[in-house]
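[1] Any chance you can model this:
(chains A and B)
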Amino acid sequence: AQSVTQLDSQVPVFEEAPVELRCNYSSSVSVYLFWYVQYPNQGLQLLLKYLSGSTLVKGINGFEAEFNKSQTSFHLRKPSVHISDTAEYFCAVNVYNTDKLIFGTGTRLQVFP
Amino acid sequence: GAGVSQSPSNKVTEKGKDVELRCDPISGHTALYWYRQSLGQGLEFLIYFQGNSAPDKSGLPSDRFSAERTGGSVSTLTIQRTQQEDSAVYLCASSFEGVGQPQHFGDGTRLSIL
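    Okay, here's the model as predicted:
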């Protein structure tokens, strides 16, 4: 069965510092990978996606992620965070030839001034 | 353009009552999904619609849960005889057809069972 692991439930960081949110997945077949962000009392907003091609994917709000097949990882990074980046971040996998998303448990990014 | 619209945004009801949650997807999106977000369970897939048919209902937790979609557009998720463990945020998403298409989410319905 496919699964997604987000090891860090919370990541505190100061404004303008770099951040990495970790995501590992488990699948024996090809996958498509996504990062979503959820602000309080809102739905999920797509940050970026990896389908194929270049393993470094750039998304909105200055975020990027790198697909690493050998390590089955898809970590999210931002070189300098803002207060407004405070939110919950979800990594998700869409296994090839299926329709549903399987989500990780989420990482709460808290940016302090 | 309009995003995915869900109603109501909040619903409080007594245990044992039936509830209906509505989702209006983005125009042109033929795929529609329901997920449930709850403490301790994270985000769980419930059901997927392709047009008006539901090829994947594997996430529905019990036969008290059902969903339908009419006209390839609006979908309704119905929970009968609600239980306290049904309390959660129910999220709807829509997308163009095809695996790998990004799903666009509504703001959810927060359901509280007293």
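[2] mind listing the strands in chain A by residue range?
    Assignment of strands within chain A using DSSP state E yields the ranges A:3-5, A:10-14, A:19-21, A:24-26, A:31-38, A:44-50, A:56-58, A:64-68, A:73-78, A:87-95, A:102-103, A:107-112.
[3] meant to ask about chain B
    Going by DSSP E, chain B shows strands at B:5-7, B:10-13, B:19-24, B:31-38, B:42-50, B:53-56, B:65-69, B:75-79, B:88-95, B:104-105, B:109-113.
[4] Give me the distance from the third one to the chain's centre.
    Put plainly, it is strand B:19-24. 7 Å (Cα atoms, centre = their mean, to the nearest Å).
[5] contacting residues around it?
    B:4-8, B:11, B:13, B:32, B:34, B:73-79, B:82, B:90, B:92, B:94, B:106, B:109, B:111 (Cβ atoms under 8 Å, 6 or more residues apart in numbering or on different chains). C-betas here are computed from N, CA, C, even on glycine.
[6] Now tabulate the strands of chain A in TSV and tack on mean neighbour count and distance to B:Ser66.
    Below are the strands of chain A laid out as TSV (neighbours: other Cβ atoms under 10 Å in any protein chain shown; distance: least, Cβ to Cβ, whole Å):
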stretch	mean neighbour count	distance to B:Ser66
strand A:3-5	17	27
strand A:10-14	13	36
strand A:19-21	19	36
strand A:24-26	17	31
strand A:31-38	24	27
strand A:44-50	20	24
strand A:56-58	14	38
strand A:64-68	18	37
strand A:73-78	20	34
strand A:87-95	23	25
strand A:102-103	22	23
strand A:107-112	17	33
